[in-house]
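Chemist: sequence-free structure coming up:
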């Protein structure tokens, strides 16, 4: 019984690092009136990986923010699942309540 | 949480829609609307959007009514009497936001998700009857989001000669679907919708 405890502790998921950012991007991405801006690099990567817009939107809607980069915009690195359940990492910036810029897909 | 992150969480930042260049000349930060824009990577089938995409100064492109654009492109592709490729079938399933299991169920439950996966990866050819049923499911599912595309189930029922240009030329490139964003009269009201521009004969 005691020997199982460290193993269980290891399997316990880490608490989300950016809960407010995750909630924000999920709320904006799930809004049907949300506008998406696509950077050429994102489109290039989507084409390479066989992802379409709905995969990226699904990942932003169900994903977690794992990193925040301050660049020209404040870019959230989101790890989420595509429609088929594949893990996708998306770099996206929330520009306002109804606009998301998809910077790239990793 | 740092200052910048807090800023991102707050109300939208009001950025002036102007920027100052070297000679103190003010120019608008929004670029012009693009005459033509290839949106194949976004939609999943070869598509060009006309007179609608806004290109911003950072190189990003914004498309109006994305959901309707995707639905219109996929519906138009379904109505083309040319065999569907695996990647296109996958794009259609994703456009309907369905998993392999969901689509298998919609196809009547007699098709296994593994079979659909093989169609999509082109490990197995889809039969003509199954392809027609698939087109019907896609059209019925997406028609509500594509008000600018004329569709009737009889259009698919009458589609008996489906062309397979890849049988002759494996490198054949299908003509892109050209969609124009324009005001249209739908159900006695005028709305902005994506309408297919037919290729010249």
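Modeler: Sure, I can see it. As the structure is a prediction and not an experimental result, all values here were calculated from the model.
Chemist: show me which residues of chain A sit near chain B.
Modeler: A:18, A:20-21, A:24, A:32, A:35-40, A:43-44, A:46-47, A:50, A:52-55, A:58, A:68, A:70, A:72, A:74, A:76, A:83-85, A:94-97, A:99, A:101 (CB under 8 Å from any CB of the partner chain). From N, CA and C alone the C-beta is placed, and that goes for glycine too.
Chemist: now do the helices in chain B.
Modeler: Counting by DSSP state H, chain B has helices at residues B:3-9, B:40-43, B:66-78, B:86-95, B:100-106, B:113-120, B:128-142, B:153-157.
Chemist: nearest to residue B:197, of these?
Modeler: Of all the helices of chain B, helix B:66-78 sits nearest to residue B:197, with 10.0 Å by CB to CB.
Chemist: what does the closest one contact?
Modeler: Helix B:66-78 has contacts (CB atoms under 8 Å, 6 or more residues apart in numbering or on different chains) with A:32, A:35-36, A:52-54, B:39, B:42-45, B:47, B:49, B:63, B:84, B:88, B:91-92, B:95, B:135, B:138-139, B:142-143, B:145-149, B:151, B:156, B:177, B:179, B:193-196.
Chemist: that one versus helix B:86-95: what angle between them?
Modeler: 140 degrees (axes from the mean of the first three to the mean of the last three CA atoms, to 10 degrees).
Chemist: how about the helices of chain B, which one is nearest residue B:164?
Modeler: Nearest of those (CB to CB): helix B:128-142, 10.1 Å.
Chemist: quick one: mean pLDDT over the closest one.
Modeler: For helix B:128-142, the mean per-residue pLDDT is 93.
Chemist: cool, and stretch B:188-195?
Modeler: The model assigns stretch B:188-195 a mean pLDDT of 84.
Chemist: so does it get close to chain A?
Modeler: No. Judged by CB under 8 Å from any CB, stretch B:188-195 and chain A are separated, with a smallest distance of 13.8 Å.
Chemist: what's the closest non-adjacent residue to residue A:81?
Modeler: residue A:62 (5.7 Å; CB to CB, 6 or more residues apart in numbering or on different chains).
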